[in-house]
Every structure is written in C-alpha cells, then in structure tokens.
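**Student:** Curious how this folds, go ahead:
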Amino acid sequence: MQRGVQVTELVDFATEDIANVLELFDVLNAGTHGQAGRYDMATLGAIKQRVENGLVFLAKLAA
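**Tutor:** I've put the predicted structure just below:
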C-alpha cells in the first residue's frame, strides 16, 4: 500500500514538473526571441539549466 502512495506522489510530481518545463520553454523562447534584453544572460542560463534538468529527470523516469 505504501508503495502505491509513493508511486502516486511521483506521478503527481512528474506531472507538475512537466507542466513547469513546458511553461519554461515559453519563457525561454520569449527571452531569446521576444523583446530584446528581456532577461540577462544569467537568468537565461538558469532557465535553460532548469529545462535541461527537467528533461533529464523525466528521461530517467521513463527508463
């Protein structure tokens, strides 16, 4: 029973993580293709790193 709870929590977390990564794709796109200078390079780097880490996490879950 406890394992089921952990799996459910992991699925919920992964679902929220996917939604967050998708939102960050839009943010990253707006920051690089939208208004010039919307984000500084440090912020863009942090967003890029979060998206990359999210994709790696989801890939590990799928394996």
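**Student:** Excluding chain neighbours, what is closest to the residue most central in space within the chain?
**Tutor:** When Cα atoms, centre = their mean is applied to the chain, the residue found nearest the centroid is residue 21 (2.6 Å). Excluding its sequence neighbours, the residue lying closest to residue 21 (Cβ to Cβ, 6 or more residues apart in numbering) is residue 54, at 3.9 Å. Backbone N, C-alpha and C define where each C-beta goes, glycine included.
**Student:** so which strand or helix has that neighbour?
**Tutor:** helix 41-62 (DSSP states H and E).
**Student:** other SSEs contacting that helix?
**Tutor:** helix 2-33 (3 or more Cβ pairs under 8 Å, 6 or more residues apart in numbering; DSSP states H and E).
**Student:** Let me know the angle separating the helix it packs on from helix 41-62.
**Tutor:** For helix 2-33 against helix 41-62, the angle by axes from the mean of the first three to the mean of the last three Cα atoms, to 10 degrees is 150 degrees.
**Student:** How many neighbouring residues does the residue nearest to residue 21 have?
**Tutor:** 18 (other Cβ atoms under 10 Å).
**Student:** what sits against it?
**Tutor:** 17, 18, 20, 21, 24 (Cβ atoms under 8 Å, 6 or more residues apart in numbering).
**Student:** got the contact list for the second one?
**Tutor:** I take that to be residue 18. 54, 58.
**Student:** quick check, distance from the helix-or-strand element of the chain with minimal mean pLDDT to the centre of its chain.
**Tutor:** Lowest on mean pLDDT, DSSP states H and E among the helices and strands of the chain sits helix 2-33, with a mean of 80. Centroid separation for helix 2-33 versus its chain: 5 Å, with Cα atoms, centre = their mean, to the nearest Å.
**Student:** Check which residues of that helix are buried.
**Tutor:** Buried residues in helix 2-33, defined by neighbour count with 16 or more other Cβ atoms under 10 Å: 17, 21, 24, 27, 28, 31.
**Student:** Could you dump the contacts of residue 54 into JSON lines and include distance to residue 10?
**Tutor:** Converted to JSON lines, the contacts of residue 54 look like this (distance: Cβ to Cβ, whole Å):
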{"residue": "17", "distance to residue 10": "10"}
{"residue": "18", "distance to residue 10": "12"}
{"residue": "20", "distance to residue 10": "15"}
{"residue": "21", "distance to residue 10": "16"}
{"residue": "24", "distance to residue 10": "21"}
